[in-house]
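Enquirer: I'll drop the sequence and a predicted model, then ask my questions.
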Amino acid sequence: MRRIANKQVINNVLLEASAKDKDIVVLCSDSRGSGSMTSFAEERPEQFIEVGIAEQNLVSMSAGLASCGKKPFAVSPASFLSTRSMEQAKVDVAYSHMNVKLIGISGGVSYGALGMTHHSANDIATMASIPNMRVYLPSDRFQTEKLMRALLQDHEPAYIRIGRSAVEDVYTEENVPFVMDKATVVHEGSDVTIIACGEMVKAAQEAAELLKGKGISVRVLDMYCVKPMDEAAVLRAARETKTIVTIEEHTKYGGLGAQVSQIVAANVPVRVVNMTLPDEPVITGGSKEVFAHYGLDAQGIVRKVMELV
Amino acid sequence: MDLRMKACDIRTDIVEIIHRAGTGHIGGDLSVTDILVDLYYKQMNVAPDKAADRERDRFVLSKGHSVEALYAVLADRGFFPKEDLLTYAQPGSKYIGHPNNKVNGIEMNTGSLGHGLSVGVGMALAGRMDKKKYRVYVVLGDGEMEEGSVWEAVTAGGHYKLDNLTAFVDRNRLQISGPTEEIMTQDKQEDRWAAFGWNVLSIPGNDIEAVDDAVELAKHIKNKPTVIIANTTKGCGVSFMENQVGWHHRVPTDQEYEQAIQELAQRRMQYAQDSE
């Protein structure tokens, strides 16, 4: 099977579910193409709403629909959704407690050469800081599907960030361990734990294999549920391994690493090192080049872990 | 009861609530009162025992700082006991200075300006999708029209030809720092909305019969949302508060409170004599 982008998985799951559930509504901000929502828009015109380039209206309209029993999925580039319409997410979705799912597409540095305006290296920080808002960064197409099916079962606000392009699989079609709001152990180990989310999980998985060859036993946690974070898994890691490394496609402020550090510091103080994007506009390049430049890949993780042990 | 008398009662409640609590946006409460009274006592299909009925009309107070007026109306209509308002603005109370949907009868949390009309557009689209007959009413302030996000909603309302949506602009011509025309020009509201494809009605907004006629008319307009530019008086009904920018959120002293209550009682008596 050809690998499809995570956003395409979201389209497919919603297309399937909306055949039976007529309350599912997808809203786009001139983003149906970039959000891979074209087939949904074509096949479910009566459940698709185009809002135009107006992210504030996108989010507030979604809240209005939800207040009347609809199940809106607002699909828009993560950069705009997480900042331009942050107040609408705070007031109309989270504070008003509306069943709106905000799908941030082409998140992180996915847009590469389009530059800082289109990057969302702070979306975890903005969204997680909103009371009542959950934040999810699935790692591959299989987990994205599991996550979407779980989200269709609840009526709570959530922000989901996914990248632009198809990514390498972390799981296999037959084996996708998934419990909602629990981290997935991707690799067992006892010397170091790497806690990753989104596209960084694959890099962590590869690094664990490379480090195994060097005699270092690495645990890898896929913390797709950045909020509510699986604190128990973090604390187990802190107790059972000597060091924790976090890695994320996000700055160091208010992201995965910051949260892990808070949990560990308050309970089982061990060394936590955060691998993140820098606090500055990132270099031009595709995701892989950007990641390599900042050491956010398997090689970079290996180097970091070798320094630490 | 003559709705003009009801409006006097609601204004009296507003003044009492704010005087007692020592906080509230009294000027805008008094300008929007007649709109709320017409909607809640005559036009809207809402009732305390049907607060979750999917057929109910929807109301969003986008100028959320006028919440005391909404509380007074909802309490009087039985959505919650009037005594609940004794806790207004007290620590831990759900009756806070802006609408929130923990209060029975309130649909959406508002307070930050520029959100409510977008929410109303979503509600109106949901009604159309579900083939429901309900109508959606949103009240905006004229200062609120300075928020850019309002115009995203005005654009969408016109684009989707939402004839089940009626917006009001409470055009009292004052905002917290001064006259709207000095702060940021808001003239030609009628032309602005019309340019976005809305049916526009411009009325004296403290004339409850004119409000009622406009709301009634809007129900029969097809393929366009309607905006009612309600030309109101900030502080309406209390002589010394009318058109005074300082009464945006001033709290009446005990003496001012007594005078306000007396003036409203006199006004009510006149209406009672009229209707005999």
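Expert: The structure has been received and is ready for your questions.
Enquirer: quick one, helices of chain A?
Expert: For chain A, the helices defined by DSSP state H occupy A:6-20, A:38-43, A:55-67, A:78-81, A:86-88, A:123-128, A:141-151, A:200-213, A:231-240, A:256-267, A:287-293, A:298-308.
Enquirer: Please dump those into CSV; it should also carry mean pLDDT, mean neighbour count and distance to chain B for every row.
Expert: To be clear about C-beta, it is placed using only N, CA and C from the backbone, and glycine gets the same treatment. As requested, the helices of chain A are exported to CSV (pLDDT from 0 to 100; neighbours: other C-beta atoms under 10 Å in any protein chain shown; distance: least, C-beta to the nearest C-beta, whole Å):
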stretch, mean pLDDT, mean neighbour count, distance to chain B
helix A:6-20, 97, 20, 12
helix A:38-43, 96, 16, 15
helix A:55-67, 98, 31, 2
helix A:78-81, 98, 26, 13
helix A:86-88, 98, 22, 6
helix A:123-128, 98, 24, 16
helix A:141-151, 98, 21, 20
helix A:200-213, 98, 22, 34
helix A:231-240, 98, 18, 28
helix A:256-267, 98, 19, 27
helix A:287-293, 96, 17, 31
helix A:298-308, 97, 17, 41
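Enquirer: Dump those helices to TSV, plus distance to residue B:154.
Expert: Listed next are these as TSV, based on distance: least, C-beta to C-beta, whole Å:
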stretch	distance to residue B:154
helix A:6-20	29
helix A:38-43	24
helix A:55-67	10
helix A:78-81	20
helix A:86-88	16
helix A:123-128	27
helix A:141-151	32
helix A:200-213	42
helix A:231-240	45
helix A:256-267	40
helix A:287-293	38
helix A:298-308	49
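Enquirer: and the one residue sitting closest to the centre of chain B, what pLDDT?
Expert: Geometric centre of chain B, nearest residue: residue B:32, 4.5 Å, by C-alpha atoms, centre = their mean. Predicted confidence (pLDDT) for residue B:32: 98.
Enquirer: Leaving out chain neighbours, which residue sits closest to residue A:217?
Expert: Leaving aside its chain neighbours, residue A:217 sits nearest to residue A:189 (4.0 Å; criterion: C-beta to C-beta, 6 or more residues apart in numbering or on different chains).
Enquirer: Equivalent analysis for residue B:215, please.
Expert: residue B:43 (5.0 Å).
Enquirer: List the contacts of the residue nearest the centre of chain A.
Expert: What sits nearest the mean C-alpha location of chain A, by C-alpha atoms, centre = their mean, is residue A:137, with 1.4 Å. Contacts here follow C-beta atoms under 8 Å, 6 or more residues apart in numbering or on different chains; on that basis residue A:137 touches A:107, A:124, A:160, A:161, A:162, A:197, A:198, A:224, A:226, A:248.
Enquirer: any idea of the mean pLDDT for the strand or helix carrying residue B:261?
Expert: Using DSSP states H and E, the element containing residue B:261 is helix B:254-275. Average pLDDT, helix B:254-275: 96.
Enquirer: Mind listing what's buried along that helix?
Expert: For helix B:254-275, burial by neighbour count (16 or more other C-beta atoms under 10 Å in any protein chain shown) applies to B:256, B:257, B:259, B:260, B:261, B:263, B:264, B:267, B:268, B:271.
Enquirer: which strands and helices sit next to that helix?
Expert: If contacts are counted by 3 or more C-beta pairs under 8 Å, 6 or more residues apart in numbering or on different chains; DSSP states H and E, helix B:254-275 sits against helix B:3-21.
Enquirer: Next, the angle from the helix it packs on to helix B:254-275.
Expert: When axes from the mean of the first three to the mean of the last three C-alpha atoms, to 10 degrees is applied, the directions of helix B:3-21 and helix B:254-275 differ by 170 degrees.
Enquirer: when you compare where the very next helix or strand once past helix B:3-21 runs with where helix B:254-275 runs, what's the angle?
Expert: Proceeding N to C from helix B:3-21, the next assigned helix or strand is helix B:26-38, under DSSP H and E. Relative orientation of helix B:26-38 versus helix B:254-275 (the same axes, to 10 degrees): 30 degrees.
Enquirer: could you dump helix B:26-38 to CSV, C-alpha only?
Expert: Extracted as CSV, the C-alpha positions of helix B:26-38 are listed here (Å, rounded to 0.1, in the frame of the first residue of the first chain):
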residue,chain,number,x,y,z
ILE,B,26,-25.2,50.3,32.8
GLY,B,27,-25.2,52.6,29.7
GLY,B,28,-25.3,49.8,27.1
ASP,B,29,-27.7,47.8,29.2
LEU,B,30,-30.2,50.6,29.1
SER,B,31,-29.8,51.2,25.4
VAL,B,32,-30.3,47.5,24.5
THR,B,33,-33.3,46.9,26.8
ASP,B,34,-36.1,47.4,24.3
ILE,B,35,-34.5,45.0,21.8
LEU,B,36,-34.2,42.3,24.5
VAL,B,37,-37.8,42.9,25.8
ASP,B,38,-39.3,42.6,22.3
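Enquirer: I appreciate the help and will end here.
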